[in-house]
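A.B. asks: fold the following, please.
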Amino acid sequence: MKKEIKIRTVREEDAAGLLDIYRPYVEKTAISFEYDVPSLEEFRNRITKIIKKHPYFVAELEGEVAGYAYTHDFVGRTAYDHSAELTIYLKENVRKMGIGKKLYQALEEISRAQNITNLYACIGYPEKEDEYLTRNSVDFHQHLGYQIVGKFYNCGCKFGRWYHMVWAEKIIGTHGPVPAPVIPFPDLDIEILHKIGIMTSRK
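C.D. replies: The predicted structure is shown next:
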C-alpha cells in the first residue's frame, strides 16, 4: 500500500527536526560541503532568512517529517532575480519513495507563480563514487528534467578527498524583454498554495 506524502510550509518548531535530517549529510557525506553542523540557532536563522522571499517546504510521510526542500537566491545580484537555487535533504531511510519528486514539483509550481524562470541546483560530483559521495543526486535531477550546464573541477575538499561540483538547470518560464517582477513567497495568494496541494497555517 502506497504511503501518503503531504507537503506543507515550514513551521518554527520544525527547526530541530530538520537539523537532525541535515546533520548526517554534514558529518558522513560530501553531499554537503559544510564541515561543521550548524547550531540550532544558526539553522533557525537560515530558515527565517529564506522564508522572507522563498518557499521552504517540509514533506511528511504518514504524519512524520521525512525531508525538506527550499529555493533561495541565485548569486544575489538584481539581474539574477528571476533565477533561484534549489536545496533538498531527505531522511536516509525514505529515499526512492517519490518524496523528493513531490517536493521539487511543489517548488517548481510555486516558482512559476513567483515569476521565476530558471531553477538551478549545485551538486557535489565525484570523479569516482565512494562512501562519501555518489552520483545519485545528479541522476535524480536529470530524471526530473534538469540538465547539467557546468562543471567545476576539484573545487571542494572534504574527508581528505577532492570533489567536483556541477550545476544543473531547468527552465520553467519564458524570457520576455520585460519580465514580470518576482513575487516574494509571503505575498503569494494563499489560494495558489491550496491549488497546488500545499498545506499551510497562513491565513
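
A.B. asks: for the chain, what spans make up the helices?
C.D. replies: Listed in chain order, the helices of the chain (DSSP state H) span 15-28, 40-50, 99-113, 136-143, 190-196.

A.B. asks: which residue is nearest the centroid of this structure?
C.D. replies: What sits nearest the mean C-alpha location of the chain, by C-alpha atoms, centre = their mean, is residue 87, with 2.2 Å.

A.B. asks: about what we covered before: which one of the helices of the chain lies closest to residue 74?
C.D. replies: Taking C-beta to C-beta, helix 99-113 is the member of the helices of the chain nearest to residue 74, at 11.2 Å. Quick note: C-beta positions are derived from backbone N, CA and C, even for glycine.

A.B. asks: and the closest one, how far out from the chain middle?
C.D. replies: Counting by C-alpha atoms, centre = their mean, to the nearest Å, helix 99-113 is centred 9 Å from the centre of its parent chain.

A.B. asks: quick revisit: for the closest residue to the residue nearest to the centre of the chain other than its chain neighbours, give me its contacts.
C.D. replies: Nearest non-adjacent residue to residue 87, counting by C-beta to C-beta, 6 or more residues apart in numbering: residue 70, 5.8 Å away. Counting by C-beta atoms under 8 Å, 6 or more residues apart in numbering, residue 70 touches 10, 50, 54-57, 86-87, 107.

A.B. asks: okay, the residue nearest to the centre of the chain: pLDDT?
C.D. replies: Looking at residue 87, its pLDDT stands at 98.

A.B. asks: next up, phi/psi of the residue located most distally from the centre of the chain, please.
C.D. replies: Going by C-alpha atoms, centre = their mean, the residue of the chain most distant from its centre is residue 177, 28.3 Å out. For residue 177, the backbone dihedrals (degrees, to the nearest 10) come out as phi -70, psi -30.
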